[in-house]
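Peer 1: Any chance you can model this:
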Amino acid sequence: MWPRILVGGARVAAGRFPALGPSLAAPFPPQRTPNTSLALQRSLHATAARALPLIPIVVEQTGRGERAYDIYSRLLRERIVCVMGPIDDSVASLVIAQLLFLQSESNKKPIHMYINSPGGMVTSGLAIYDTMQYILNPICTWCVGQAASMGSLLLAAGTPGMRHSLPNSRIMIHQPSGGARVSARPCNLLRGWGTGV
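Peer 2: The predicted structure follows:
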């Protein structure tokens, strides 16, 4: 249930909010390794389980004291939206919510969208694309790292003249593709749907 990480040689569980401290940490029982040579090789070359990424906290001094933000909330205050990683329903819902929030604050100020994505689900990507076209704000898109497949479509969805790529970024555009294991009738329906996209 919790990702396992190695801390000082002891395995502990890391919660979704590792910054909350040891209250979420719980020791795991020791693992038993079978006495086969293959299992021994695997255990010798095993890497520690990956923990959830740590999200940096930014502390600002205000007139009323200190205020702490996670980095993404701080970037959102500056009208910056990050699309990082494969595009799926959870990424789409976060990006769409951020775009709609920024439009509700001001529909004139530009929004900067930074994209580093290998692509992803068509329906999720098109939901983001439709939202980008729906809102009134100019959207400045930036490719950092890569924008492949659906990521390249989102990069191209930026306002004309406001689409950028950093010098070492890679952009990959390809023809639509898909597959299905169905009988002839549903396959013909899918073919008709594909031409409409």
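Peer 1: CA only for contacts and neighbour counts going forward, please
Peer 2: Will do.
Peer 1: Domain-wise, how is the chain divided?
Peer 2: 4-44, 72-172 (automatic domain parsing).
Peer 1: who touches stretch 145-165?
Peer 2: Residues from elsewhere that reach stretch 145-165, judged by C-alpha atoms under 8 Å, 6 or more residues apart in numbering: 87, 115-122, 125, 128-129, 132-133, 138-144, 166, 168-174.
Peer 1: In PyMOL, how would I select just the buried ones from these?
Peer 2: Of the contacts of stretch 145-165, the buried ones go into a single PyMOL selection, burial set by 16 or more other C-alpha atoms under 10 Å:
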select buried, resi 87+115+116+117+118+119+120+122+125+128+129+132+138+139+140+141+142+143+144+171
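Peer 1: Tell me which of the contacts of stretch 145-165 fall in strands.
Peer 2: Ile115, Asn116, Ser117, Ile139, Cys140, Thr141, Trp142, Cys143, Val144, Arg170, Ile171, Met172 (DSSP state E).
Peer 1: Look up which residues are beta-bridged to the last one.
Peer 2: With beta bridges defined as DSSP bridges, Met172 has these partners: Ala148.
Peer 1: what's the spacing between it and His164?
Peer 2: Distance, Met172 to His164, using C-alpha to C-alpha, to the nearest Å: 14 Å.
Peer 1: Likewise for the fifth one?
Peer 2: Taking C-alpha to C-alpha as the measure, Cys140 falls 8 Å from His164.
Peer 1: burial of Asn107, as a residue count?
Peer 2: By the criterion of other C-alpha atoms under 10 Å, Asn107 has 15 neighbours.
Peer 1: Give me the secondary structure label for it.
Peer 2: Taking DSSP: H, G, I helix; E, B strand; the rest coil as the rule, one finds Asn107 in the coil state.
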